[in-house]
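Chemist: whatever this is, show me its structure:
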Amino acid sequence: MLNEEIARRIKEVRKERGMTQKDIAEFLNKTAATVSDIERGKIQVSAADLFTLAQALNKPIEYFFGEEYDSEEIQDLIAVIRKQSPEQQEKIIQQTKMFISLQMFLDRANATGEEVSDDEIKNAVNYIFSYADEIEAIYHQVMEIKTTLREVFKAQGIDEKEIIKDTN
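Modeler: Below you'll find the model as predicted:
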């Protein structure tokens, strides 16, 4: 891919994200003039700077080399996942595998004439129960946060209903 195409994509995404050349310059620890030169293809962006740009702009680095995805949401999802800790990435991968496996199970179970094996049923049930436990744990955490917020609102004389109305 030509440097000009990489430069065009950098500029395009920067504008999509509502960022200025000065904003990008701060991420790169460079001047706005240097960012302008990069975007015009006058100077080639380094691999390290392109990695930093990908992080700052929430795009997978492959995007700048011409890799296309089905949608912008997929690009954003990849970029966000890459920013997670290795442990969180592993959790996301496992949950995704679970959803794929469950979808395959449902497809086979709903298909006419195809039997679902006992092992497939056991795997689906195990996935559902393990995922349900995670959702339940998250639910309890959210409820604790909600209780704490209500206590803070009450202590500060804030009307909870007004806060909720303003966010909708």
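
Chemist: chain center to the longest helix seen in the chain: distance?
Modeler: In the chain, with assignment by DSSP state H, the single longest helix is helix 118-155. From the chain centre to the centre of helix 118-155 is a distance of 20 Å (CA atoms, centre = their mean, to the nearest Å).

Chemist: residue 75 and residue 122, how far apart?
Modeler: Noted for residue 75: a distance of 36 Å to residue 122, by CB to CB, to the nearest Å. For glycine as for every other residue, the C-beta is placed from the backbone atoms N, C-alpha and C.

Chemist: okay, these two: which has more neighbours?
Modeler: residue 75 (20 against 10; other CB atoms under 10 Å).

Chemist: element containing the more buried one?
Modeler: If you go by DSSP states H and E, residue 75 is part of helix 72-83.

Chemist: how about that helix as CSV, C-alpha atoms only?
Modeler: Extracted in CSV, the C-alpha atoms of helix 72-83 (Å, rounded to 0.1, in the frame of the first residue of the first chain):
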residue,chain,number,x,y,z
GLU,A,72,-17.2,0.3,11.2
GLU,A,73,-18.6,-1.4,14.4
ILE,A,74,-16.4,-4.4,13.7
GLN,A,75,-13.4,-2.2,13.4
ASP,A,76,-14.3,-0.4,16.6
LEU,A,77,-14.8,-3.7,18.4
ILE,A,78,-11.4,-5.0,17.3
ALA,A,79,-9.7,-1.9,18.5
VAL,A,80,-11.5,-1.9,21.9
ILE,A,81,-10.7,-5.6,22.5
ARG,A,82,-7.1,-5.0,21.7
LYS,A,83,-7.0,-2.3,24.4
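
Chemist: domain map for the protein?
Modeler: Following automatic domain parsing, one finds the domains of the chain at 3-77, 84-167.

Chemist: got those domains as JSON lines, with mean pLDDT columns?
Modeler: Below are these laid out as JSON lines (pLDDT from 0 to 100):
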{"stretch": "domain 3-77", "mean pLDDT": "90"}
{"stretch": "domain 84-167", "mean pLDDT": "81"}
